[in-house]
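**Q** structure for the following, please:
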Amino acid sequence: MPTFSSHDGTVLAYHLAGQGDPLICLPGGPGRPSGYLGDLGGLTTSRRLILLDNRGTGGSAAPADPSGYRADRLVADVEALREHLGLAAIDLLAHSAAADVAVLYAARHPHRVRRLVLVTPSPRAVGLEPTDEEWLAGIRRRSAEPWYEKAFAALEAWESGDEREETYLAARPFLYSPWDRTAEAHARSFPPVRAAAEGFHGEGAFDPDATRTAVKRLPAPVLVISGENDPSPTPDQAATYAALFPEGRSTSVPGAHFPWVTAPERFAASVERFLAA
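**A** Sure thing, here's the model as predicted:
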């Protein structure tokens, strides 16, 4: 497992998989190690995946200062990885919460990004969080599923402060489509590291107005991918997000928040087409 030293001396690990042009991949959670990304639906057949373990997760060391977990401070880790790899510009893929890091990176280093893929992204960095009503409407779209009542009760309990592992897992069906044995096995894998998750959204991490202004000047093409049954972002929300970028576009694929798990071929094909264009 290769490692490198980031800007503050924290030793970070990354994993290599596949063949082809490099694609740096940032895991979300926040606080999950990169293992849950797997081979991203088979992208390893066309791309050399460089899967970063964020600080404090997987094979990466924890920062000496807990504020180092903040999303805006993880941007420097991405730049340190680019420098370590000797790449003038990078293709960058980020999932969920990691999209906040990737967008902040693009805002800070616009000419270091060749292409950017945001997979079911968190919109916090750009201030597009759904309202409570929009979130609930996304959840209600799954009301015909046989697991819905139990999962909805677990989700309400989790949001009320019940942080037991069984509650967390019982609410996970909303993030997969379909919810089957493959999805359940994935949901149980690579849980978040609490310190990394709690530190990610630290005070001062985001300045949405400044970030939206900065990304209006991003020259790189951007693809925002949504899952058809994801409560957030919905396909419409993903299209709104993509419209922030001069070269932004969105696409929807089968599945929910982890579309490469339940619709690997469709997911990989969408990413490959974008990267090859």
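
**Q** mind checking the SS state of Ile24?
**A** Secondary structure, DSSP: H, G, I helix; E, B strand; the rest coil: Ile24 is strand.

**Q** the helices in this structure, which residues?
**A** In the chain, the helices defined using DSSP state H lie at 71-85, 98-108, 132-140, 148-159, 165-170, 181-187, 194-200, 208-215, 235-242, 259-262, 264-276.

**Q** which among the ones you listed is found nearest to Ser252?
**A** Counting by Cβ to Cβ, Ser252 lies closest to helix 235-242 out of the helices of the chain; the figure is 4.1 Å. C-beta here means a position set from N, CA and C on the backbone, and glycine is covered the same way.

**Q** what helices or strands is that closest one leaning on?
**A** Contacts defined by 3 or more Cβ pairs under 8 Å, 6 or more residues apart in numbering; DSSP states H and E place helix 235-242 against strand 222-227, strand 248-253.

**Q** residue closest to the middle of this structure?
**A** His95 (1.7 Å; Cα atoms, centre = their mean).

**Q** quick check: Thr182 touching Val261?
**A** Yes: using Cβ atoms under 8 Å, Thr182 is in contact with Val261, at 6.5 Å.

**Q** quick one, which of these two is more surrounded?
**A** Val261 (26 against 13; other Cβ atoms under 10 Å).

**Q** now the more buried one: how far from Leu23?
**A** 18 Å (Cβ to Cβ, to the nearest Å).

**Q** repeat that for Ala170.
**A** Ala170 is 34 Å from Leu23, by Cβ to Cβ.

**Q** and these two? Which one has more around it.
**A** A direct count of neighbours by other Cβ under 10 Å for Ala170 and Leu23 places Leu23 higher, at 23 against 20.

**Q** measure that one to Leu37 for me?
**A** Separation of Leu23 from Leu37 (Cβ to Cβ): 11 Å.

**Q** quick check: neighbours shared by these two?
**A** Leu49 (Cβ atoms under 8 Å, 6 or more residues apart in numbering).

**Q** burial measure for Asp91, as a count.
**A** For Asp91, using other Cβ under 10 Å, the count is 21.

**Q** quick check: it touching Gly20?
**A** No: with contact defined as Cβ under 8 Å, Asp91 does not reach Gly20; the gap is 10.4 Å.

**Q** run a quick neighbour tally on Thr251.
**A** So Thr251, with other Cβ under 10 Å, has 18 neighbours.

**Q** quick one: it and Ala269 touch, right?
**A** No: under the criterion of Cβ under 8 Å, Thr251 makes no contact with Ala269, lying 10.3 Å away.

**Q** list residues touching both of these two?
**A** By Cβ under 8 Å, 6+ apart, no residue touches both Thr251 and Ala269.

**Q** from His109, how far off is Asp230?
**A** 28 Å.

**Q** these two: who's more crowded?
**A** Using other Cβ under 10 Å, the more surrounded residue of Asp230 and His109 is Asp230, with 27 against 15.

**Q** ramachandran coordinates for that one?
**A** Asp230 adopts backbone torsions of phi -80, psi 130, taken as degrees, to the nearest 10.

**Q** the nearest residue to it once chain neighbours are set aside: neighbour count?
**A** Distances taken as Cβ to Cβ, 6 or more residues apart in numbering place Ala256 nearest to Asp230, at 4.4 Å, with adjacent residues excluded. Residues contacting Ala256 under the criterion other Cβ under 10 Å number 26.

**Q** what does Glu265 give?
**A** 12.

**Q** thinking it is in contact with Leu40, fair?
**A** No: counting by Cβ under 8 Å, Glu265 stays clear of Leu40, with 11.7 Å between them.

**Q** for Thr251, give its distance to Leu223.
**A** 7 Å.

**Q** overlap in contacts of those two?
**A** Joint contacts of Thr251 and Leu223 (Cβ under 8 Å, 6+ apart) are Ser270.

**Q** okay, buried residues for stretch 170-186 please.
**A** Judged by neighbour count (16 or more other Cβ atoms under 10 Å), stretch 170-186 contains these buried residues: Ala170, Ala171, Arg172, Pro173, Phe174, Leu175, Tyr176, Ser177, Trp179, Ala183, His186.
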